[in-house]
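1. Need the 3D shape of this:
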Amino acid sequence: MLTNEAYKPINCDDYDNLELACQKNWMLTLTLKDGEQLKAKATDMVMRKKVEYLAVDLSGETRELRLDHIASFTHPELGTVIMSEND
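-> Below you'll find the predicted structure:
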């Protein structure tokens, strides 16, 4: 996936759900738009150069995922959330 492509903000409800997951340090099952799947603990929301990221703890390593590269995420308290662009 290109990292220099224009950032497309995500829907506010999706952002709020990810923020809640960070506050509670929830373990999420994430599917990225390139098909990669991972299970990681949500730790923080980060913004750099007008691009938003979800920081996750993946087996002890921090990884930052561009929000517009996340296709969906799942947690028992949220169900499965299919990400959508900002309306």
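
2. all strands of this protein, in order?
-> Assignment of strands within the chain using DSSP state E yields the ranges 27-32, 37-48, 51-58, 61-66, 70-75, 79-82.

3. Buried ones in the helix-or-strand element of the chain with minimal mean pLDDT, by neighbour count?
-> Taking mean pLDDT, DSSP states H and E as the measure, the helix or strand of the chain with the lowest value is strand 79-82, at a mean of 92. Applying a neighbour-count criterion of 16 or more other C-beta atoms under 10 Å, the buried positions in strand 79-82 are residue 81. All C-beta spots, glycine's among them, are computed from the backbone N, C-alpha and C.

4. Just give me how far it sits from the chain centre.
-> Relative to the centre of its chain, strand 79-82 is centred 12 Å away, using C-alpha atoms, centre = their mean, to the nearest Å.

5. which ones are touching residue 62?
-> For residue 62, the set of contacting residues under the criterion of C-beta atoms under 8 Å, 6 or more residues apart in numbering consists of 43, 55, 56.

6. What distance do you get for the last one to residue 82?
-> Which is residue 56. Counting by C-beta to C-beta, to the nearest Å, the separation of residue 56 from residue 82 is 19 Å.

7. same deal with residue 15?
-> Following C-beta to C-beta, the distance that separates residue 15 from residue 82 is 14 Å.

8. Same question for residue 11.
-> Note on residue 11: its distance to residue 82, by C-beta to C-beta, is 10 Å.

9. Show me which parts of stretch 68-77 are buried, residue by residue.
-> If you call a residue buried by 16+ other C-beta under 10 Å, then stretch 68-77 has these buried ones: 68, 69, 70, 72, 73, 75.

10. hmm, which two among those are most spread apart?
-> Of all pairs drawn from the buried residues of stretch 68-77, the greatest distance, 19.7 Å, lies between 68 and 75 (C-beta to C-beta).

11. Show me where the chain dips below the pLDDT cut-off.
-> Applying pLDDT under 70 to the chain picks out residues 1-3, 86-87.

12. Which residue is the nearest non-sequential neighbour of residue 44?
-> residue 55 (4.1 Å; C-beta to C-beta, 6 or more residues apart in numbering).
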